[in-house]
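[1] Okay, here's the prediction I keep looking at, along with the sequence it came from:
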Amino acid sequence: QVQLVESGGGLVQAGGSLRLSCASSGRAFGRFRMAWFRQAPGKEREFVAAISRVGGTTSYADSMKGRFTISRDNDKDTLYLQMNSLKPEDTAVYYCAADPTLAPALATSTTPYTYWGQGTQVTVSS
């Protein structure tokens, strides 16, 4: 069983930055493709960013490109999301997720992500 625990959320003014972390239990972290998703009130969960097993390949939703950076440290079993130039529309609960499948491409839908954290709230004030 894999457990994912997010941290680093909070309240920030528009234009500010936050760094989210996602700590994974167990020793299988390096075998998972990882991703961040977010869900705002009344909206569906949406893809934010994904990263390959060793971090060499990343993928971002168009609205996050240039502002967000996904990274991972497999020695620390931790996933990160650096968020800069935050906007009020970035307000949401942010979730990390792990995909244990062997598909070649990074998934941008929730389907292959088997393990999920409990989420961390990010609120951006205008």
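    On my side now, so go ahead. From a predicted model like this one, the values you see are computed outputs, not experimental measurements.
[2] show me what contacts the residue most central in space within the chain?
    By C-alpha atoms, centre = their mean, the mean C-alpha position of the chain lies nearest to Trp36, the distance being 2.1 Å. Under the criterion of C-beta atoms under 8 Å, 6 or more residues apart in numbering, the neighbours of Trp36 are 20, 22, 48-50, 70, 79, 81, 94-97. C-beta coordinates here come from the backbone N, C-alpha and C atoms, glycine included.
[3] How about it, nearest residue that isn't a chain neighbour?
    Val48 (4.1 Å; C-beta to C-beta, 6 or more residues apart in numbering).
[4] Who are the packing partners of the helix or strand hosting the one you found?
    With elements taken from DSSP states H and E, the one containing Val48 is strand 46-51. If you count contacts as 3 or more C-beta pairs under 8 Å, 6 or more residues apart in numbering; DSSP states H and E, strand 46-51 packs onto strand 33-39, strand 58-60, strand 68-73, strand 78-83.
[5] Out of these, flag the one nearest Pro104.
    Relative to Pro104, the nearest member of the helices and strands packed on strand 46-51 by C-beta to C-beta is strand 33-39, separated by 10.1 Å.
[6] Let me know the angle separating the closest one from strand 46-51.
    160 degrees (axes from the mean of the first three to the mean of the last three C-alpha atoms, to 10 degrees).
[7] Distance from the chain centre to strand 33-39, please.
    Taking the mean C-alpha point of strand 33-39 and that of its whole chain, the gap between them comes to 4 Å (C-alpha atoms, centre = their mean, to the nearest Å).
[8] would you put the C-alpha positions of it in CSV?
    What follows is the C-alpha trace of strand 33-39 in CSV, where atoms were taken according to Å, rounded to 0.1, in the frame of the first residue of the first chain:
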residue,chain,number,x,y,z
ARG,A,33,4.9,8.2,-12.7
MET,A,34,3.7,11.1,-10.6
ALA,A,35,1.3,14.0,-11.1
TRP,A,36,-0.4,16.9,-9.5
PHE,A,37,-4.1,17.5,-10.0
ARG,A,38,-6.3,20.2,-8.5
GLN,A,39,-10.0,20.6,-7.8
